[in-house]
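>>> Give the three-dimensional model of this entry:
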Amino acid sequence: DNYLIIAECVLFLFGLIAEMLFDAKLPGRINALRGSCVQIPCTFDAPENTLKDTETIFGFWLKKHHAFLNPESLVVFNGTSNIIKGFKYIEILGNLSQRECTTVFYDVMNNHTDNYYFRVEMKPENWKYTYDIPIYISVSDVPELPILTPTDLQEVMEETTVNLSCSSEAPCPKQPPTISWSNIPESARITTQLQEKPDKTQSVFSYMTFKASYKDHKKNISCTATYPRNTPNDSTAETTVMLRVLFSPKETHIIIDPSDSISVGTNVTLTCKSKASPNEMNYTWYKRGQEKELDFGEQLTFNVNRRSEGWYFCTAKNIHGNQMSEEFQLIVAGEINTDVPLYVQTLKVMIIMETPCIIFLFQGQEKHVQVNSIYANRAFVMGEELEMPKDENDMIHYGEIDFSTPQTKSTTEKISGQETIYAEVCGSGKD
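Residues are numbered from 1 along each chain as shown. Okay, here's the model as predicted:
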């Protein structure tokens, strides 16, 4: 008898040990969104021979406590009678005969936040077991922030390929969130897909690949997850990361102050502007036709004289390279703007009258004058006698007065040589 009692005790202990080995595999926690559903991935262990001989398997979900008969325990889903308590609808998706117990709780509310335990019953074997490892469901009004990786972009060199990943939890795979990007670089390629994680929960992953451009420097790239749910408005959550790009100087150009008309004696400041990262730059100034540098620094300031006119340009340089600006032409008001000097003789009198055409040729001493343009000086003779040159060095070589073909327009032409000047004077009237 004693041996029989001992044998029964041993069998009982083995039974307890065997039961302790049965387990349900559930994620430890799922964050759900109010008004949406939550899908619980679930698998369970059971005796192989029991599963083989069973005809019917029923699943249960208990809230608060794993003890089926505990007064604190609430059976929210009873598979034998398909009774649901506290929820609008609960659906077991898994095939229980294959040890799959994945379940969806629909339209979850804040008061559904709690621990939940899975229980299985098999007939006719009458095998019943409540798994003591719970899943904690946390219901919130606000969705979790999407995860953007890398979370803090290190500085990347221009033209380097950048890979960004944005993931957002999908507690309700039937209504997964949509992911959108803002401030997308021009070269970006985006792919999005629903993926299963190691704990069998699901997330939406969106991948963006692009080549870093200087135009993307300090750009805030955002990833936004939008969750549909059974409420008046969808819920959104956003995560942002700043992109830092290293690049050589770009868009180098010159700004002049003052920007309006510049005359001799004006104080002028030329500023060399450029974009670069890092933005610590060295500037050098040049003028066309001069081999040496004019100056160094971001600004070039000087007092304008007649030799200041010309073409200026600057270069900007940082540790990654340099760039030259376009040439900027400085024009001095009233100054000469020609590369070819005009050599002229002394011309004492040049008069454009309203009388017909007169041509004078003067000879005299040679003088060197650089001019910007030749202007017509107009004089109107009102009955006075035209005064001719009296300088003994200036004599009329040839003169012609033609009254037969009066002109309606006056023109002036100058042709210069080493010894002579021809001047044609045409009048516009008949008097």
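>>> got the contact list for stretch 72-79?
58-68, 83-87, 90, 92, 103, 116, 121 (CB atoms under 8 Å, 6 or more residues apart in numbering). Just so you know, the C-beta spots here come from the backbone N, C-alpha and C atoms, and that holds for glycine as well.
>>> Residue 26 - nearest residue in space that isn't next to it in sequence?
Spatial nearest neighbour of residue 26, chain neighbours left out: residue 135 (4.3 Å); criterion: CB to CB, 6 or more residues apart in numbering.
>>> typo on my end, it should be residue 47
residue 127 (7.0 Å).
>>> quick one: low-confidence ranges for the stretch 1-150 of the chain?
Where the stretch 1-150 of the chain drops to pLDDT under 70, the residues are 1-20.
>>> where along it do the strands fall?
24-25, 29-33, 38-40, 43-44, 56-63, 74-78, 83-84, 89-92, 103-106, 114-123, 127-130, 135-140, 147-149 (DSSP state E, counting those that start in this stretch).
>>> Show me the contact partners of the first one.
Taking contacts as CB under 8 Å, 6+ apart, the residues outside strand 24-25 that touch it are 42, 43, 44, 45, 101, 118, 131, 133, 200.
>>> ok, the fourth one touching residue 99?
Yes. Distance between residue 45 and residue 99: 6.9 Å, which falls inside the contact criterion (CB atoms under 8 Å).
>>> Listing partners with orientation, what would you give for the helix or strand hosting residue 239?
Assessed by DSSP states H and E, residue 239 sits inside strand 235-243. The pairing partners recorded for strand 235-243 under DSSP bridges are strand 219-227 (antiparallel).
>>> tilt between the partner strand and strand 29-33?
Relative orientation of strand 219-227 and strand 29-33, computed by axes from the mean of the first three to the mean of the last three CA atoms, to 10 degrees: 90 degrees.
>>> And the longest strand seen in the chain, what's buried?
Criterion DSSP state E: the longest strand present in the chain is strand 245-257. In terms of neighbour count (16 or more other CB atoms under 10 Å), strand 245-257 has its buried residues at 245, 246, 247, 248, 249, 250, 252, 254.
>>> ok, of the residues you listed, which one's closest to residue 29?
For the buried residues of strand 245-257, the minimum distance to residue 29 (CB to CB) is 38.8 Å, reached by residue 245.
>>> Please name the nearest non-neighbouring residue to the closest one.
Leaving aside its sequence neighbours, residue 245 sits nearest to residue 217 (CB to CB, 6+ apart; 4.2 Å).
>>> Tell me the pLDDT of that neighbour.
At residue 217, the model reports a pLDDT of 94.
>>> For burial, what's the neighbour tally of it?
21 (other CB atoms under 10 Å).
>>> try residue 22
15.
>>> Give me the domain ranges for this structure.
Following automatic domain parsing, one gets these domains for the chain: 2-140, 147-243, 247-330, 342-425.
>>> The residue nearest to residue 47 and residue 61, how far apart?
Note on residue 127: its distance to residue 61, by CB to CB, to the nearest Å, is 18 Å.
>>> okay, these two: which has more neighbours?
Legend: neighbour count by other CB under 10 Å for residue 127 and residue 61, higher for residue 61 (25 against 16).
>>> roughly how far apart are the residue nearest to that one when sequence neighbours are not counted and residue 310?
Nearest non-adjacent residue to residue 61, counting by CB to CB, 6+ apart: residue 77, 4.2 Å away. Separation of residue 77 from residue 310 (CB to CB): 89 Å.
>>> How about residue 258?
Residue 258 is 18 Å from residue 310, by CB to CB.
>>> Surely residue 217 is in contact with residue 276?
No. Counting by CB under 8 Å, residue 217 stays clear of residue 276, with 9.4 Å between them.
>>> Common neighbours of these two, please.
With contacts defined as CB under 8 Å, 6+ apart, the residues shared by residue 217 and residue 276 are residue 247.
>>> Residue 317 is in contact with residue 249, isn't it?
Yes. With contact defined as CB under 8 Å, residue 317 counts as touching residue 249 (6.7 Å).
>>> Mutual contacts of those two, please.
residue 281.
>>> Please list all residues in contact with residue 315.
Counting by CB under 8 Å, 6+ apart, residue 315 touches 252, 272, 283, 284, 286, 322, 323, 324, 325.
>>> export those residues to TSV and tack on pLDDT, distance to residue 230 and secondary structure?
Below are the contacts of residue 315 laid out as TSV (pLDDT from 0 to 100; distance: CB to CB, whole Å; DSSP: H, G, I helix; E, B strand; the rest coil):
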residue	pLDDT	distance to residue 230	secondary structure
252	98	57	strand
272	98	61	strand
283	98	62	strand
284	98	67	strand
286	97	70	strand
322	97	60	strand
323	98	57	strand
324	97	63	strand
325	97	61	coil
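>>> Sort out which of those are buried, if you could.
For the contacts of residue 315, buried by 16+ other CB under 10 Å: 252, 272, 283, 284, 286, 322, 323, 325.
>>> Looking at those residues, which is nearest residue 163?
Nearest to residue 163, judged by CB to CB, of the buried ones among the contacts of residue 315 is residue 323 at 28.9 Å.
>>> so which helix or strand takes in residue 302?
Residue 302 is located in strand 299-303, with elements delineated by DSSP H and E.
>>> Mind giving me the packing neighbours of that strand?
Helices and strands touching strand 299-303, by 3 or more CB pairs under 8 Å, 6 or more residues apart in numbering; DSSP states H and E, are strand 267-277.
>>> for the strand it packs on, packing partners?
So strand 267-277, by 3+ CB pairs under 8 Å, 6+ apart, packs with strand 245-257, strand 282-287, strand 299-303, strand 310-318.
>>> residue contacts, residue 109?
Counted by CB under 8 Å, 6+ apart, residue 109 has contacts 34, 35, 139.
>>> Columns distance to residue 167 and neighbour count on top of the residues you listed, output as CSV?
Below are those laid out as CSV (distance: CB to CB, whole Å; neighbours: other CB atoms under 10 Å):
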residue, distance to residue 167, neighbour count
34, 22, 20
35, 22, 21
139, 21, 21
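>>> Okay, and the closest residue in space to residue 188 that isn't next to it in sequence sits in which element?
Distance criterion CB to CB, 6+ apart; nearest residue to residue 188, sequence neighbours excluded, is residue 210 at 4.0 Å. Following DSSP H and E, one finds residue 210 within strand 202-211.
>>> I'd assumed residue 38 was in contact with residue 102.
No. In this structure residue 102 lies outside contact range of residue 38 using CB under 8 Å: 11.5 Å.
>>> Those two: who's more crowded?
For the pair residue 102 and residue 38, the greater number of neighbours falls to residue 38 (23 against 16), based on other CB under 10 Å.
>>> and the closest residue to the more buried one other than its chain neighbours, what is it in contact with?
Using CB to CB, 6+ apart and skipping the chain neighbours, the partner closest in space to residue 38 is residue 32 (3.9 Å). By CB under 8 Å, 6+ apart, residue 32 lies in contact with 38, 105, 108, 112, 137, 138, 139, 140, 171, 172.
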